[in-house]
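In: what shape does this take:
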Amino acid sequence: MKKPKYKAPTGMHDILPEDQKYFEKIYDVVKEIANFYGFKKTETPILEESELFSKGIGLATDIVKKQMFNFRTRSGDHLSLRPEGTAPVVRAYIEHGMQNLSQPVKLWYFGPFFRYERPQLGRYRQFWQFGFEILGNQSPVLDAQVIQIFVNILKELKFKSLIIEINSIGCSQCRPYFKKILVSYFKPRVSSLCFNCRRRLTENPLRILDCKDEKCWRVILGAPQIVDHLCEQCHQHFKEVLEFLDELQLPYHLNAYLVRGLDYYTKTVFEIFEEGEEERALGALTGGGRYDSLIKILGGEEIPAVGAAAGIERIIFSLKKKAIRFPKEVSPKVFLAQLGELAKKKSLKLIEDFRLAKIPVAESLGRDSLKSQLKVADRMGIRFVLIFGQKEALENKIIIKDMTNGKQQIVDFKKVITEVDKKLKKL
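Out: Purely as a prediction, here's the structure:
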């Protein structure tokens, strides 16, 4: 086989027909649950101003420093392919005056995102996510509801043993103090940290807790825990979130070192995993949290918000190992075989008439041989073949052939849909 001249860019992938059914299944489940909980779908541009992410996500984050696809337009605008969904949704919320609507505003999205990182199993440079955002209310019950929504989606997709890892990372009142405590802990141990974490120690010490390097983990496991240093408001908020999860009977694990990789998070952060060593090694199925300062950071009013997102490729990878059922595809039981130019011309209109009658019809318009067309119909397991040649086209007749017994019936061209419909109803 000749080697292809062009390939998809590194880290990008085609979504071929065999994977489309997984995307459609996930989309249908997400849409149904979004509708039930009163979320409205929104779509933001794939390209946004670069500053939206550098300001919103944080200049010191790996996403902004290393993973964004940045462009400069001919007019000098700095744009980026969106690496995540929350900042664009917040931008749309501010730009379109949604703060003037009845609060909270509930929005959801489903689409492609882009990060320039090393491609690996289930991780791509163009990847798909769906997300839910609730903007305009600070109640801890909404944190719990977002978690409940993602658990429900995963359960609908036949994920069974789910565990929620949850933490609070405080707010602008208590987090600065905790960062000083972290720096005091890590400074004498800086030689035991990886290169990235040494940099994080001066830029954002909280991000050290998110490091996956085994070398760093030996140091991280002895680090102070932020839950012991929350202000009264954050402590009460987190306590209520956990009480709501208890009421919902959702199993959770307090992970004092969970901080997530984006600077806009405040208070609650969480991730949902499928239990099992192999599943956990693949990473979280979904993650999110509260971001009460982001709207103000991006130029809006001081409005609280909470949300989460899930990686679709990550979910599909796990779904492929499960016995998930898909709706059976409706295969046509009628095949239109045509011969000659006049029959071919009339066939196009006949196919449209069958479509309007909601009767699926297969065809092979590019073939001229009746024998080759009948072979195609036979391979497809078609029951009835409509034979429409030059003679039939001139006489406004058509032949209906039953492929199971070989019987043929000549009918009026205008009555063929009615006759076919009768035969299909008898099956």
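In: going forward, measure contacts between C-alpha atoms and count neighbours the same way
Out: OK.
In: name the element the residue lying closest to residue 363 once chain neighbours are set aside belongs to?
Out: Spatial nearest neighbour of residue 363, chain neighbours left out: residue 336 (5.1 Å); criterion: Cα to Cα, 6 or more residues apart in numbering. Using DSSP states H and E, residue 336 maps to strand 334-338.
In: neighbouring strands of that strand in the sheet, and parallel or not?
Out: strand 361-363 (parallel), strand 384-388 (parallel) (DSSP bridges).
In: any idea how the protein splits into domains?
Out: As assigned by automatic domain parsing, the chain contains the domains 17-174+230-319, 334-425.
In: got the end-to-end distance for the first one?
Out: Using Cα to Cα, to the nearest Å, the span of domain 17-174+230-319 from its first residue to its last is 16 Å.
In: again with stretch 362-375
Out: 13 Å.
In: what's it in contact with?
Out: Contacts to stretch 362-375, defined as Cα atoms under 8 Å, 6 or more residues apart in numbering, come from residues 332-340, 344, 376-377, 385.
In: which residues in the stretch 301-427 of the chain form strands?
Out: Listed in chain order, the strands of the stretch 301-427 of the chain (DSSP state E, counting those that start in this stretch) span 305-311, 334-338, 361-363, 384-388, 397-402, 408-412.
In: so what strands line up beside the last one?
Out: Read it as strand 408-412. Strand 408-412 has these strand partners (DSSP bridges): strand 397-402 (antiparallel).
In: tell me the gap between the partner strand and the middle of its chain.
Out: The chain centre lies 47 Å from the centre of strand 397-402; the measure is Cα atoms, centre = their mean, to the nearest Å.
In: dump it to CSV, restricted to CA.
Out: What follows is strand 397-402 as a C-alpha-only set of coordinates in CSV (Å, rounded to 0.1, in the frame of the first residue of the first chain):
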residue,chain,number,x,y,z
LYS,A,397,-43.8,1.4,-14.8
ILE,A,398,-41.5,-0.1,-12.3
ILE,A,399,-40.7,-3.8,-11.3
ILE,A,400,-40.7,-4.8,-7.7
LYS,A,401,-38.7,-7.9,-7.2
ASP,A,402,-38.8,-10.0,-3.9
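In: before we move on, back to that, now the contacts of stretch 362-375 in CSV, with distance to residue 209 and neighbour count?
Out: Formatted as CSV, the contacts of stretch 362-375 follow (distance: Cα to Cα, whole Å; neighbours: other Cα atoms under 10 Å):
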residue, distance to residue 209, neighbour count
332, 57, 17
333, 60, 18
334, 62, 25
335, 62, 26
336, 65, 22
337, 67, 28
338, 69, 29
339, 71, 21
340, 73, 14
344, 68, 20
376, 61, 17
377, 62, 24
385, 67, 25
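In: show me what contacts residue 160?
Out: With Cα under 8 Å, 6+ apart, residue 160 has these contacts: residue 274.
In: for it, report the pLDDT, please.
Out: Confidence at residue 160, expressed as pLDDT, is 87.
In: distance of it relative to residue 245?
Out: 17 Å.
In: for residue 316, same thing?
Out: 27 Å.
In: same question, residue 212
Out: Distance of residue 212 to residue 245, computed by Cα to Cα: 27 Å.
In: between these two, which one's more packed in?
Out: Taking other Cα atoms under 10 Å, residue 212 and residue 245 do not tie; residue 245 has more neighbours (19 against 9).
In: using CSV, list the CA coordinates for the helix or strand harbouring that one.
Out: Assigned by DSSP H and E, residue 245 belongs to helix 232-247. This file holds the C-alpha atoms of helix 232-247, laid out as CSV (Å, rounded to 0.1, in the frame of the first residue of the first chain):
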residue,chain,number,x,y,z
GLU,A,232,-14.5,30.5,58.5
GLN,A,233,-16.5,31.2,55.4
CYS,A,234,-14.6,28.6,53.2
HIS,A,235,-14.7,26.0,56.0
GLN,A,236,-18.5,26.4,56.3
HIS,A,237,-19.0,26.3,52.6
PHE,A,238,-16.9,23.1,52.3
LYS,A,239,-18.7,21.5,55.2
GLU,A,240,-22.1,22.1,53.6
VAL,A,241,-21.0,20.7,50.2
LEU,A,242,-19.9,17.5,51.9
GLU,A,243,-23.2,17.4,53.8
PHE,A,244,-25.1,17.7,50.5
LEU,A,245,-23.0,14.9,49.0
ASP,A,246,-23.8,12.7,52.1
GLU,A,247,-27.5,13.4,51.6
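In: for residue 34, give me its contacts.
Out: Counted by Cα under 8 Å, 6+ apart, residue 34 has contacts 40, 108.
In: looks to me like it is in a helix.
Out: Yes: Residue 34: assigned to a helix according to DSSP: H, G, I helix; E, B strand; the rest coil.
In: pLDDT at it, what is it?
Out: Per the predicted model, pLDDT is 98 at residue 34.
In: again, but for residue 122
Out: For residue 122, pLDDT reads 66.
In: next SSE after the worst-scoring helix or strand of the chain on mean pLDDT?
Out: Least confident element among the helices and strands of the chain, by mean pLDDT, DSSP states H and E: helix 277-281 (a mean of 74). Past helix 277-281, heading to the C-terminal end, the next element that is a helix or strand (DSSP H and E) is strand 286-290.
In: what residues does that next one touch?
Out: For strand 286-290, using Cα under 8 Å, 6+ apart, the contacting residues are 143, 150, 260, 265-273, 304-311.
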